[in-house]
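Q: sequence unknown, structure follows:
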């Protein structure tokens, strides 16, 4: 299912590139295919194991590879609007987009390095795949896309704007053409945007306060069993009620879909309530305590002891703090060089991190809302996703 999701994502991205950017989009698609080939070859030569987390990292890096091309194309369009010839506009577009591409990729690599150093197996696999993907995407965007575009421009596309999706208004391009004379009023309406932000944050915080943030077995320690939901399988409420009645408190139940659309139930029992039992005894105890149908057998189980649980929790906290600090320092130096002092650059770093922190709180609020409605839990991979958002 993860591979199928990745294929759908790749198809949607490809369609967007071609429809929105025309010839440059098609060239970017060729570079993207080469990027996928280069990345898979590199991972194969390294002997990397394609876990679900590694596949997620690979799919995400595909999106980041597209991001580099989009930065180039948008700068190219700006140069065209200034009256530059096509060849010169392409050259300037690549040169002037390069610093932004490097900064974006550098921040992603910094957070991925933190994950690779302190993360567990799946998290480390995700981070390693993402680092390799980011580095290769930088190469394909700057060299492959550039070479192919210049070849097309100099051989057959020439000065034909229609090949580049210019001079049209399919996607609101007039907003770009009027940007200098009639810009979108964002800063002047700061009070409105801050009010909307505060309302969204407040709603998320309320959901968190109501107990919506349900920690998975990675953070609570304990036992998790995955069952196939057959006919007559109890509801989530009935299972938690039966467990509480039999002295198993703090349990969480959520339903999901596995391979081949098999309906699954995830039952998590936190703490030391399964201590002293072997795997068979744990399954039997949970079946009886949850009043599951006779013959219900877990498709898979996992145990997280107190030592691993503490390590996972501490690593998550260290990872967030370290990622924030590294990005602030990097942006401080990076923009400090352009603005004359590290202090001036630091303002950019702090502003970026505050905006990123707001995004993180919003996502936690959404997770809390789904935790209340659907019983969603937070795992180590959720924290990995949050660190990627920060990058």
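A: Good, I have the coordinates. Keep in mind it's a predicted model, so treat the numbers as computed, not measured. Numbers count the residues shown, from 1 in each chain.
Q: tell me which helix or strand of this structure sits lowest on mean pLDDT?
A: Sorting the helices and strands of the chain by mean pLDDT, DSSP states H and E puts helix 217-220 at the bottom, at a mean of 68.
Q: which ones are touching the residue lying closest to residue 137 once chain neighbours are set aside?
A: Ranked by CB to CB, 6 or more residues apart in numbering and with sequence neighbours excluded, the top spatial neighbour of residue 137 is residue 65, at 3.4 Å. (Glycine included, C-beta is placed from N, CA and C.) Applying CB atoms under 8 Å, 6 or more residues apart in numbering, we find residue 65 in contact with 31, 32, 35, 133, 136, 137, 140, 141.
Q: so which other helices or strands are in contact with the helix or strand the first one falls within?
A: Assigning secondary structure by DSSP states H and E places residue 31 in helix 23-46. For helix 23-46, the elements it packs on are helix 2-21, helix 52-81, helix 121-139, helix 145-152, judged by 3 or more CB pairs under 8 Å, 6 or more residues apart in numbering; DSSP states H and E.
Q: before we move on, the earlier item: list just the nearest of the contacts of residue 65 to residue 227.
A: residue 133 (35.2 Å; CB to CB).
Q: surely the closest one meets residue 61?
A: Yes. If you go by CB atoms under 8 Å, residue 133 and residue 61 touch, sitting 2.5 Å apart.
Q: any residues in contact with both of these two?
A: Among the neighbours of residue 133, those also in contact with residue 61 (CB under 8 Å, 6+ apart) are residue 39.
Q: more neighbours: these two, which one.
A: residue 133 (28 against 24; other CB atoms under 10 Å).
Q: pLDDT wise, what is the more buried one at?
A: Looking at residue 133, its pLDDT is 83.
Q: ok, now which ones touch it?
A: Going by CB under 8 Å, 6+ apart, residue 133 touches 35, 39, 57, 58, 60, 61, 62, 64, 65.
Q: swap in 7 Å and give it another go.
A: Counting by CB atoms under 7 Å, 6 or more residues apart in numbering, residue 133 touches 39, 57, 58, 61, 64.
Q: same check, this time on residue 71
A: Contact partners of residue 71, counting by CB under 7 Å, 6+ apart, are 97, 100, 101.
Q: which element, helix or strand, includes the residue lying closest to it once chain neighbours are set aside?
A: Excluding the flanking residues, the one nearest residue 71 by CB to CB, 6+ apart is residue 97, at 4.3 Å. Assigning secondary structure by DSSP H and E places residue 97 in helix 86-118.
Q: which other helices and strands contact that helix?
A: Judged by 3 or more CB pairs under 7 Å, 6 or more residues apart in numbering; DSSP states H and E, the packing partners of helix 86-118 are helix 52-81, helix 121-139, helix 145-152, helix 306-339, helix 380-390.
Q: could you export those helices as CSV, including distance to residue 232?
A: Shown next, in CSV, are the helices and strands packed on helix 86-118 (distance: least, CB to CB, whole Å):
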stretch, distance to residue 232
helix 52-81, 30
helix 121-139, 34
helix 145-152, 56
helix 306-339, 34
helix 380-390, 32
